[in-house]
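Undergrad: Sequence and computational prediction follow.
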There are 2 protein chains.
Amino acid sequence: MGRPPRLSRDAICDAAFALVVETGGADFTLRDLGNRLGVDATAVYRHFADKDDLLREVGDRSMAPVTRGFTITDDPAEDIRRLCSRLRSALIKSPVSLSIVAAGPTRRRNELLITEVVVGALRRMGLGNSRAVIAYHALIEYTLGSAWLDAPLAAKGARRSATYRAWRRDYASLDPDEFADTVAVADELYPSSDAVFQAGLNALITGLTRGQ
Amino acid sequence: MGRPPRLSRDAICDAAFALVVETGGADFTLRDLGNRLGVDATAVYRHFADKDDLLREVGDRSMAPVTRGFTITDDPAEDIRRLCSRLRSALIKSPVSLSIVAAGPTRRRNELLITEVVVGALRRMGLGNSRAVIAYHALIEYTLGSAWLDAPLAAKGARRSATYRAWRRDYASLDPDEFADTVAVADELYPSSDAVFQAGLNALITGLTRGQ
DNA sequence: ACCTGAACACCGTTCAAGT
DNA sequence: ACCTGAACACCGTTCAAGT
């Protein structure tokens, strides 16, 4: 009895997160994880209840860089912009985290820190609790949604612009009678996803906090 | 040789869509589908290349009600609101469609009809092609993101408000020094997801089309 | 031509056995 | 106490065989 542990929640979580970032994480497997750790796949069950338990930990870890070193300024709108942009980048790098947050808030430390910054900024802008909460949810929905839709394309890397070109060609060759407006803008579709995100984010912040 | 087909792409797609709507579709299985069709699971491969091919068809089918009977008015902003609300409802009912559209546009008929309506409305509001496209993408990202985050909760049905209550309690019991703003609004968190969606959608439309 | 059913290469997870 | 490895109940998919 008594054997020094070779594994720990932390070490497993580190390896899992690294694996997810390297491979894109679409097909994250406990067998691969065990392989990387030099351990049988099922050894993980000594430290986590199941795969979901592990992934929730990985999900929160992927959000650590969002608030690390984040400074609050006297421009709350700009704080929100910076924080949401950071959140989006972090999630795009770790797509597994996206499916985790979609299932519901993890309510773990790093996620809570994000909530605190955004809600705080909205309240400092003069919004009452009820309006602040609605604005908070709308901003988070938009940021997560943007990351979620962009993650598969970000994973494609260099092939991304080729993909866009192929899609534009499809839109351009539609029946110009039935799809007049789409055909008219076909060449402009799929602009920089950062530009789209910034435009939407600005519109949201302005619209949701107007009249304060 | 020559045997009358018992299956067809259409019949398979109908059954698959029904199965997805009934079960929530989180664990849609070809074996279940075969079972429902009274056919071996692998018979589907005579009509579809693979599961993804079938799901793309199901995804487009789930969007059929979005533009069916949709009338364009002389209030483009209102048209966008109505169409995005319809899209959100349709996707919440068929969560598999969400993972399909996340992988990239299907560019099938029903999806194209949605694009045409939204882009058309934005152009009629006076936006140039480049700005119309950016607004279109931001609106779609927001609508899909909202549906994606709401789908698991919608599937919970009656247990939804109990879930919200439990979450609010978690937020309320945080350390009030470190999470002052979150604790202050804890009771208001997780308002009606429809209210959040409408508020964000209005803010987006206003902010993205201002100055026309 | 269309469907069947065995088979393959995977999953997550359980549990008795080793150390 | 911790890890191993066989085993179970699943997947999607392939392919030869039946009709």
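TA: Here it is on my side, so go on.

Undergrad: use CA for all of it now, contacts and neighbours both
TA: Will do.

Undergrad: The residue positioned nearest the centre of chain A: what's it in contact with?
TA: Note on chain A: the residue nearest the mean C-alpha position is A:Leu91, at 2.6 Å, using Cα atoms, centre = their mean. Taking Cα atoms under 8 Å, 6 or more residues apart in numbering or on different chains, we find A:Leu91 in contact with A:Ser62, A:Met63, A:Ser97, A:Leu98, A:Leu144, A:Ala147, A:Trp148, A:Ala151.

Undergrad: elements contacting the helix or strand hosting A:Thr163?
TA: Here A:Thr163 sits within helix A:160-172, counting by DSSP states H and E. Where contact means 3 or more Cα pairs under 8 Å, 6 or more residues apart in numbering or on different chains; DSSP states H and E, helix A:160-172 is packed against helix A:180-185.

Undergrad: roughly how far out does the host helix or strand of the residue nearest to the centre of chain A sit from the chain middle?
TA: Here A:Leu91 sits within helix A:76-93, counting by DSSP H and E. Helix A:76-93 sits 10 Å away from the centroid of its parent chain (Cα atoms, centre = their mean, to the nearest Å).

Undergrad: Just the ones of the contacts of A:Leu91 in helices?
TA: Using DSSP state H to define helices, the subset of the contacts of A:Leu91 located there is A:Ser62, A:Ser97, A:Leu98, A:Leu144, A:Ala147, A:Trp148, A:Ala151.

Undergrad: Quick check: can you list the domain ranges of chain A?
TA: A:9-61, A:64-158+A:195-209 (automatic domain parsing).

Undergrad: Using JSON lines, please lay out those domains together with mean pLDDT.
TA: As requested, the domains of chain A are arranged in JSON lines below (pLDDT from 0 to 100):
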{"stretch": "domain A:9-61", "mean pLDDT": "94"}
{"stretch": "domain A:64-158+A:195-209", "mean pLDDT": "95"}
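
Undergrad: tell me which strands and helices the strand or helix carrying A:Asn202 is in contact with?
TA: When elements are assigned from DSSP H and E, A:Asn202 belongs to helix A:193-209. Helices and strands touching helix A:193-209, by 3+ Cα pairs under 8 Å, 6+ apart, are helix A:76-93, helix A:129-156, helix B:129-156, helix B:193-209.

Undergrad: what does it rub up against?
TA: By Cα under 8 Å, 6+ apart, the list of residues contacting helix A:193-209 from outside reads A:77, A:81, A:122, A:125, A:127, A:135, A:139, A:142-143, A:146, A:150, B:134-135, B:137-139, B:199-200, B:202-208.

Undergrad: Tell me the buried residues within the residues you listed.
TA: Among the contacts of helix A:193-209, those buried by neighbour count (16 or more other Cα atoms under 10 Å in any protein chain shown) are A:77, A:81, A:122, A:125, A:127, A:135, A:139, A:142-143, A:146, A:150, B:134-135, B:137-139, B:199-200, B:202-208.

Undergrad: Go through the helix or strand hosting A:Arg56 and flag the buried ones.
TA: According to DSSP H and E, A:Arg56 maps onto helix A:51-62. Residues A:Leu54, A:Leu55, A:Arg56, A:Glu57, A:Val58, A:Gly59, A:Asp60, A:Arg61, A:Ser62 are the ones in helix A:51-62 that count as buried (16+ other Cα under 10 Å).

Undergrad: what about the fourth one, distance to A:Glu188?
TA: If I follow you right, that is A:Glu57. Using Cα to Cα, to the nearest Å, we find A:Glu57 at a distance of 40 Å from A:Glu188.

Undergrad: what does the second one give?
TA: With the distance defined as Cα to Cα, A:Leu55 ends up 38 Å from A:Glu188.

Undergrad: and A:Ala64, how many neighbours?
TA: By the criterion of other Cα atoms under 10 Å in any protein chain shown, A:Ala64 has 16 neighbours.
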